[in-house]
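**Q** this one's structure only:
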């Protein structure tokens with residue numbers, strides 16, 4: 001006894017169904033590409049944040065947790081706007097993670113607000129801070 005199967009049971013797809021399949025495939029491709037790109041960007045951002053926190057920690061330790069402008073001593077856990085912040089003397093551009101051009105200052109929310117004072121009159125304080133940084137690195141040598 002021979003089994004009989006219908007020869008062509010597949011239903012033919014309409015043009016619209018083919019279009020929907022194609023469109024769905026394209027959307028999936030775009031989402032996969034986007035996921036990979038976003039993952040790469042998240043990894044870059046995470047690396048930058050990690051580099052930044054190490055950088056700020058190194059600058060604060062180098063300065064012995066002392067504000068370069070007023071000389072106030074901070075505890076190692078007093079960081080950020082309520083404590084000691086790291087100021088980029090030559091800006092963040094190509095000197096973003098260069099310790100030679102960064103210095104510790106009192107945060108914007110502290111009593112002295114040295115960081116705010118420096119930003120409000122950058123032309124006056126930039127040469128002073130650069131001189132202090134030069135002295136720090138001369139003492140180290």
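**A** Nice, I can see it. Since the structure is predicted, the reported quantities are computational estimates derived from the model, not experimental observations.
**Q** next secondary structure element downstream of the helix ranked longest in the chain?
**A** Longest helix of the chain, by residue count under DSSP state H: helix 15-62. Later in the chain than helix 15-62, the nearest helix or strand by DSSP states H and E is strand 84-88.
**Q** please name every helix or strand in contact with the next helix or strand after that next one.
**A** Next along the chain after strand 84-88, taking DSSP H and E as the criterion, comes strand 102-106. If you count contacts as 3 or more Cβ pairs under 8 Å, 6 or more residues apart in numbering; DSSP states H and E, strand 102-106 packs onto helix 15-62, strand 84-88, helix 114-120, helix 122-140. From N, CA and C alone the C-beta is placed, and that goes for glycine too.
**Q** can you flag the weakest of these by average pLDDT?
**A** For the helices and strands packed on strand 102-106, the weakest mean pLDDT is recorded on helix 15-62, namely a mean of 78.
**Q** can you state the direction angle for that one and strand 102-106?
**A** Interaxial angle, helix 15-62 versus strand 102-106 (axes from the mean of the first three to the mean of the last three Cα atoms, to 10 degrees): 80 degrees.
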